[in-house]
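Undergrad: model this:
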Amino acid sequence: MSFKVIRVSDENEMKAIYKLRYKVYCEEWGFEEPEKYHDRQETDEFDKNAVHFAAIDDSGKTVGTVRLILFSTDGFPIEKYCDIDSSGEKVRGEDTAEISRLIISRTYRKRTEDKFIYGPDEERRIIGGYNHSGNNDQRRTDDRYGNGSLSNGRLRNEMEAEKRNRHELVTALYKAVYHESKRRQLTHWYAVMTKGLVILLNRYGIRFQAIGDPVDYHGIRTPYLGEINKIEQEVSDEKPETYKELTEGL
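TA: Numbers count the residues shown, from 1 in each chain. Okay, the predicted model is just below:
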């Protein structure tokens, strides 16, 4: 299955993003209360100040999204939900944006890899005491690798192919954020991420620095700051093929 990443530009595309966010954040993981969103579209006060990106598959379905929240008088989610250690670091302004709401459709996710974005099972906390009725402890009905019907060799090959697809989706969304950031001459990124996502990005030479203690916010998350020029240099030095792909089209 292939996909393309676009910068969202119309109302229908935005609705598709909000619906995917609702499905994942409200129905699948219970990070937000479904009752808050009567139209089944998960939104918040930071959306109006953000640039939104969507990954679209061959059938035209939105299978992934991320947003880049720009500086405004509303501030950033990281400032609202985290206690940032700003010692030795200037107050961030228009040169900074926050990478937020990285969402991947279940189509591209398997239980064994949810930890990269949403954290290990024991760290998937529920905010506000809300107790959702999801069945995440059960095997997914769309996980065809759990039934032993494929030969070991074919099984390994298909699992590796799908793993690459899922990782490529994450990195493609980050590439879109990177290109937008370069066009806007941004210098820094904020992000609130799971340990698993940080490890995944590290594999591609994309490194952020922790700037605070972990918090219970849509699961256990840690606030990070990334210096874009430094990330570019490290990716170029350590992962030249990744750097070539990342900068292609700039």
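Undergrad: Mind checking which residue lies nearest the centre of this protein?
TA: L102 (2.1 Å; Cα atoms, centre = their mean).
Undergrad: Work out for me the element it sits within.
TA: strand 96-104 (DSSP states H and E).
Undergrad: Can you verify K4 is assigned to a strand?
TA: Yes - counting by DSSP: H, G, I helix; E, B strand; the rest coil, K4 is part of a strand.
Undergrad: Tell me which helix or strand in this protein has the weakest average pLDDT.
TA: helix 115-118 (a mean of 60; mean pLDDT, DSSP states H and E).
Undergrad: if you go through this structure in chain order, where are the strands?
TA: Taking DSSP state E as the criterion, the chain contains strands spanning 3-7, 50-57, 62-70, 96-104, 188-193, 209-210, 215-216, 220-227.
Undergrad: Just the angle for the last one relative to strand 188-193, thanks.
TA: It stands for strand 220-227. If you take axes from the mean of the first three to the mean of the last three Cα atoms, to 10 degrees, strand 220-227 sits at 160 degrees to strand 188-193.
Undergrad: Run me through the strand neighbours of strand 220-227, direction for each.
TA: strand 188-193 (antiparallel), strand 209-210 (antiparallel), strand 215-216 (antiparallel) (DSSP bridges).
Undergrad: Just the CA coordinates for the longest one, please, in CSV.
TA: Presented in CSV, the C-alpha positions along strand 188-193 are these (Å, rounded to 0.1, in the frame of the first residue of the first chain):
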residue,chain,number,x,y,z
HIS,A,188,13.5,24.9,16.7
TRP,A,189,10.8,22.3,17.3
TYR,A,190,8.9,21.5,20.4
ALA,A,191,7.5,18.0,20.8
VAL,A,192,5.9,15.9,23.5
MET,A,193,6.7,12.3,22.7
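Undergrad: Any stretches of this structure with poor pLDDT?
TA: 1, 86-91, 109-166 (pLDDT under 70).
Undergrad: show me what contacts the closest residue to H188 other than its chain neighbours?
TA: Distances taken as Cβ to Cβ, 6 or more residues apart in numbering put T96 closest to H188, at 4.3 Å, once the chain neighbours are dropped. (Glycine included, C-beta is placed from N, CA and C.) Residues counted as contacts of T96 (Cβ atoms under 8 Å, 6 or more residues apart in numbering) are F71, F76, L186, T187, H188, W189, Y190.
Undergrad: for V215, same thing?
TA: V215 neighbours (Cβ under 8 Å, 6+ apart): Y81, C82, D83, V192, R221, T222, P223.
Undergrad: can you give me the helices for the chain?
TA: Ranges of helices in the chain, per DSSP state H, are 11-22, 77-81, 115-118, 152-183, 195-202, 228-238, 240-247.
Undergrad: how distant is the second one from the center of its chain?
TA: Counting by Cα atoms, centre = their mean, to the nearest Å, helix 77-81 is centred 16 Å from the centre of its parent chain.
Undergrad: Show me which residues of that helix are buried.
TA: Going by neighbour count (16 or more other Cβ atoms under 10 Å), the buried part of helix 77-81 is P77, I78.
Undergrad: packing partners for that helix?
TA: strand 96-104, strand 188-193 (3 or more Cβ pairs under 8 Å, 6 or more residues apart in numbering; DSSP states H and E).
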